[in-house]
Each structure stands twice: as C-alpha cells, then as structure tokens.
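Enquirer: Sharing a sequence plus its predicted fold:
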Amino acid sequence: MNRLVKTSQRAGEEVRRIDPEPDPRRTSNDRKKPTRAETAEMVRRYLAGASLAELKVEHHMSKNTVAKILRDAGVTIRPRGRRKGQLVGRPPRTTHVL
C-alpha cells in the first residue's frame, strides 16, 4: 500500500480508489490485436505501396508486428530497399557536357 492509503486508514477516512479511463492510443505495452478493419486497411495500404515503416508509425506498432500481421493475412512481404531502375523522388542528376 502506498503512504497516502495508510495515512487515510489511520485517520479513519474512507479510502476510495478511482480507476482511470483506458487510454485510447496504443502504447508499447498494449498487446491487443488490430481489428479486422485495421488489418484490412494495413493490407490495402501495403499493397498500394506503403512501406512497413510508414505503417508502423500510423498504427503505433513495431515493424516486426506489422510484418507479422500482414503475413498472417496472406501478404508476401517485399524485399528491403529499392529495386534496380526504380526511381523515387526526382530523377538522378545528369552531367551536361558543353
């Protein structure tokens, strides 16, 4: 028992404990499975090109957890990194010869 409870009991006061409302945000200790809607949204976004890193930030999970959820849903995880010839952002600089 903490000190406040002991002091209250000695004084003969009634001790009331109030349970706080659960936080709706996910935390690192929250081991709840995502809902079917969340899983379907993750699958849709991943197949549309979102990365595991983007999904982990959006759903407050680790990359490994996101990958496991996607694999359990039957999705094949893409290899890491860009593939040859795949451009991201602006094209590479070219050297102009005058």
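Expert: Nice, I can see it.
Enquirer: switch to C-alpha atoms for all contacts and neighbour counts from now on
Expert: Noted.
Enquirer: Kindly provide the distance from Glu61 to Ala40.
Expert: For residue 61 the amino acid is Met, not Glu. According to CA to CA, to the nearest Å, Met61 stands 16 Å off from Ala40.
Enquirer: I should have written Arg78 there, sorry.
Expert: Counting by CA to CA, the gap from Arg78 to Ala40 is 18 Å.
Enquirer: re the thing from before, for Met61 and Ala40, work out which one has more neighbours and name it.
Expert: The neighbour comparison of Met61 against Ala40 (other CA atoms under 10 Å) goes to Met61, with 17 against 14.
Enquirer: Please report how far that one lies from Lys33.
Expert: In this structure, Met61 lies at 11 Å from Lys33, with CA to CA as the measure.
Enquirer: could you point out where this structure is predicted with low confidence?
Expert: 1-31, 82-98 (pLDDT under 70).
Enquirer: quick one, what contacts Arg36?
Expert: Under the criterion of CA atoms under 8 Å, 6 or more residues apart in numbering, Arg36 has no neighbours.
Enquirer: For the protein, which segments count as helices?
Expert: Per DSSP state H, the chain carries helices over the ranges 3-10, 36-47, 52-59, 63-72.
Enquirer: and the longest one, C-alpha only, in PDB?
Expert: In PDB, the C-alpha atoms belonging to helix 36-47 read as follows (Å, rounded to 0.1, in the frame of the first residue of the first chain):
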ATOM      1  CA  ARG A  36     -10.400  -6.600 -38.900                       C
ATOM      2  CA  ALA A  37     -10.900  -3.200 -40.300                       C
ATOM      3  CA  GLU A  38      -7.400  -2.100 -39.200                       C
ATOM      4  CA  THR A  39      -5.900  -5.200 -40.700                       C
ATOM      5  CA  ALA A  40      -7.800  -4.700 -44.000                       C
ATOM      6  CA  GLU A  41      -6.600  -1.100 -44.100                       C
ATOM      7  CA  MET A  42      -3.000  -2.200 -43.500                       C
ATOM      8  CA  VAL A  43      -3.100  -4.800 -46.200                       C
ATOM      9  CA  ARG A  44      -4.700  -2.300 -48.700                       C
ATOM     10  CA  ARG A  45      -2.100   0.400 -47.900                       C
ATOM     11  CA  TYR A  46       0.800  -2.100 -48.100                       C
ATOM     12  CA  LEU A  47      -0.300  -3.500 -51.400                       C
END
